[in-house]
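**Student:** quick one: sequence and predicted model below, then my questions.
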Amino acid sequence: TPSLHLVTIVILTLRQALESYSSLIEYNKNYEIDQSSEDLSENEDEYVEEEEGMHFFRLRIHHLLHSMFKLEPIHLAATLLHPRYRLLKKCSLYEVRECHLYIRQRMAQIKSMKTNKSTSDISEKHSSTVNNETLNEPVEKKPKRFGEDFETGNVSDEFDNEYDDELHKYLEQRIDTESIDDNPLSFWYQNRLTYPILSQLARSIYSIPASTANVERTFSGSGMMINSRRTRLNPEQINNAMFLRSVKQNE
């Protein structure tokens, strides 16, 4: 299950909750983390005074959340590509614009790769056809029309906004948030024909895990598997064993 989109949500939620003692109590009440908080809500204008130790740790954690965790465009893009969080409500206008720019750049890269692939296929077919034909006949040159350099075609031909517009259509689409699955890949699979480039980008981004915990567990497991008593294992056997172990753990 994809997890990269949760990075933005978790970081921004913690930053907001730890910004002040009152916001921390409010967060506690909203999510009913501690039932004893009901005693504090009898008078919403009065809060228990924050203890010195809690004040120190709250400010320290709040500072570390800003200094140690930097939200990169790919984190924001992963959140935007989840239809439930696509508007990035808690993000700044600058972050939203950076996210849109990043997604459009990635979409342009995907489109360029597809174009190059199709062009290479066409050129190969054309070269094979030319080799079978006689090359002695001169090619008739088409005369250039006066003012041709100033002519413009369709807007879509000039700016090629067919694929860029996928992002705009996705953001403008009316989606019932209650029917959205927690796994965003379900949405992109269902809409892969409507958003061919954006769905491919979503699959690429969501293949990145939010943390390296799974990778570290894999290395730890391989360390237990490879020892002096198992020196006859070849690399292929080790890879197969690690794959089966990973599948078994994710069941």
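**Tutor:** Here it is on my side, so go on.
**Student:** if I pick the closest residue to residue 23 other than its chain neighbours, what's in contact with it?
**Tutor:** Taking Cβ to Cβ, 6 or more residues apart in numbering as the measure, residue 23 lies nearest to residue 17, with 5.8 Å between them; neighbours along the chain are not counted. All C-beta spots, glycine's among them, are computed from the backbone N, C-alpha and C. Contacts were defined as Cβ atoms under 8 Å, 6 or more residues apart in numbering; by that measure residue 17 touches 23-24, 27.
**Student:** can you redo the residues you listed as CSV with neighbour count?
**Tutor:** As requested, the contacts of residue 17 are arranged in CSV below (neighbours: other Cβ atoms under 10 Å):
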residue, neighbour count
23, 14
24, 18
27, 17
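**Student:** around residue 206, how many other residues sit close by?
**Tutor:** 20 (other Cβ atoms under 10 Å).
**Student:** show me what counts as buried in the lengthiest helix in the chain.
**Tutor:** Taking DSSP state H as the criterion, the chain has its longest helix at helix 93-132. Residues of helix 93-132 classed as buried by neighbour count (16 or more other Cβ atoms under 10 Å): 95, 98-100, 102-103, 106-107, 110-111.
**Student:** check stretch 83-95 too.
**Tutor:** Using 16+ other Cβ under 10 Å as the test for burial, stretch 83-95 gives 83-86, 88, 91, 95.
**Student:** ok so, going back, state the pLDDT value of the residue nearest to residue 23.
**Tutor:** pLDDT for residue 17: 92.
**Student:** kindly report the same for residue 222.
**Tutor:** 69.
**Student:** what does residue 156 give?
**Tutor:** Value listed for residue 156 in the pLDDT field: 44.
**Student:** now the helices: where do they sit in the stretch 1-150 of the chain?
**Tutor:** Under the criterion DSSP state H, counting those that start in this stretch, the stretch 1-150 of the chain carries helices at the ranges 6-17, 21-30, 52-67, 73-80, 93-132.
**Student:** and the fourth one, average pLDDT?
**Tutor:** Looking back up the chat, that one is helix 73-80. 95.
**Student:** my read is that residue 203 contacts residue 185, right?
**Tutor:** Yes - judged on Cβ atoms under 8 Å, residue 203 makes contact with residue 185 at a distance of 6.9 Å.
**Student:** residues contacting stretch 179-194, please?
**Tutor:** Here stretch 179-194 makes contact (Cβ under 8 Å, 6+ apart) with 1-2, 5, 81-84, 169, 195, 198-199, 202-203, 206.
**Student:** just the buried residues from these, in PyMOL please.
**Tutor:** This is the PyMOL syntax for the buried subset of these, where burial follows 16+ other Cβ under 10 Å:
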select buried, resi 2+5+81+82+83+84+195+198+199+202+206
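**Student:** which member of the contacts of stretch 179-194 is positioned nearest residue 175?
**Tutor:** Set against residue 175, the nearest of the contacts of stretch 179-194 by Cβ to Cβ is residue 83 (5.1 Å).
**Student:** ok, residue 102 - contacts?
**Tutor:** Applying Cβ under 8 Å, 6+ apart, the residues near residue 102 are 73-74, 76-77.
**Student:** between the longest helix of the chain and helix 6-17, how big is the angle?
**Tutor:** Comparing the axes of helix 93-132 and helix 6-17 via axes from the mean of the first three to the mean of the last three Cα atoms, to 10 degrees yields an angle of 170 degrees.
**Student:** and the angle for helix 93-132 with helix 73-80?
**Tutor:** Taking the same axes, to 10 degrees, one finds helix 93-132 and helix 73-80 inclined to each other by 90 degrees.
**Student:** state the mean pLDDT of helix 93-132.
**Tutor:** Here helix 93-132 scores 82 as its mean pLDDT.
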